[in-house]
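> with the sequence up front, the predicted model follows.
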Amino acid sequence: MKTVLDVLHSIELLFTFCMTLLKSMVLKLWISFLFVFPALKRPGERLWLTCAVSGFSLTSCGISWIRQVSGKELEWIGDIWHGGGTAYSTIFQSRASITKDNSKSEVYLQLNALKAEDTAVYYCIRHNERNLLTNRSKTTTFQI
C-alpha cells in the first residue's frame, strides 16, 4: 500500500517530467514570444504590447506587427528593422509607434486613440525573405 509520501513523490516526478518535456518543446521553437492575457480597453485609451523574442538577435532581424479582426484578412500595422528604422501602414501611421530594446530582446507596439474597430488579435512576426507570414505568433486579443 502506498503512503502519502509515495503519492507525493509520484506527483513530483510526473510534474518534473511534464516540465522537462515542456521545456524541451519550447527550446525547439525557432522563435518564442511573450504572451499576454486578453484585455479590455476603452475607446480613446492606449494599447501597449510587448513581443519578447528568442533564438535570434533583434540587431540582425526585423519584426512586423500585424493584426486580424475577426472574420477579416490579416492587416499589416508596421515594421521595425534591425537597424531601428520603422515603416507604418498609412491606416496606422498617425496612431502607431513601434520601438524595441535590443538588450531585452523585446519589440513594442503602442497604438493610441483606440477605436472599437481596433478589437483584434495582434501578432508580431519575424521578417522572413521567403514568406513574411511564417513564424507569426499570437500575442493577445484586445476588445475595445
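On my side now, so go ahead. A quick note: this is a predicted structure, and the numbers were derived from the prediction, not measured.
> now the helices: where do they sit in the protein?
In the chain, the segments counted as helices under DSSP state H are 4-28.
> could you list the low-pLDDT ranges of it?
Applying pLDDT under 70 to the chain flags residues 1-39, 128-144.
> now do the buried residues in stretch 115-126.
Asp118, Thr119, Ala120, Val121, Tyr122, Tyr123, Cys124, Ile125, Arg126 (16 or more other C-beta atoms under 10 Å). Placement of C-beta: from N, CA and C, glycine included.
> max pairwise distance over these: which two?
Spatial extent of the buried residues of stretch 115-126 (C-beta to C-beta) is set by the pair Thr119 and Arg126 at 25.1 Å.
> filter the buried residues of stretch 115-126 down to just the ones in strands.
Ala120, Val121, Tyr122, Tyr123, Cys124, Ile125, Arg126 (DSSP state E).
> wait, which of these is closest to Leu58?
Among these, Arg126 lies closest to Leu58 (C-beta to C-beta), at 9.6 Å.
> that closest one and Ala96, how far apart?
Distance, Arg126 to Ala96, by C-beta to C-beta, to the nearest Å: 19 Å.
> what's the answer for Val69, then?
15 Å.
> these two - which one has more neighbours?
Higher neighbour count among Val69 and Ala96: Ala96, with 18 against 13, using other C-beta atoms under 10 Å.
> pretty sure the more buried one sits against Trp76.
No: in terms of C-beta atoms under 8 Å, Ala96 does not count as a neighbour of Trp76; the distance is 10.6 Å.
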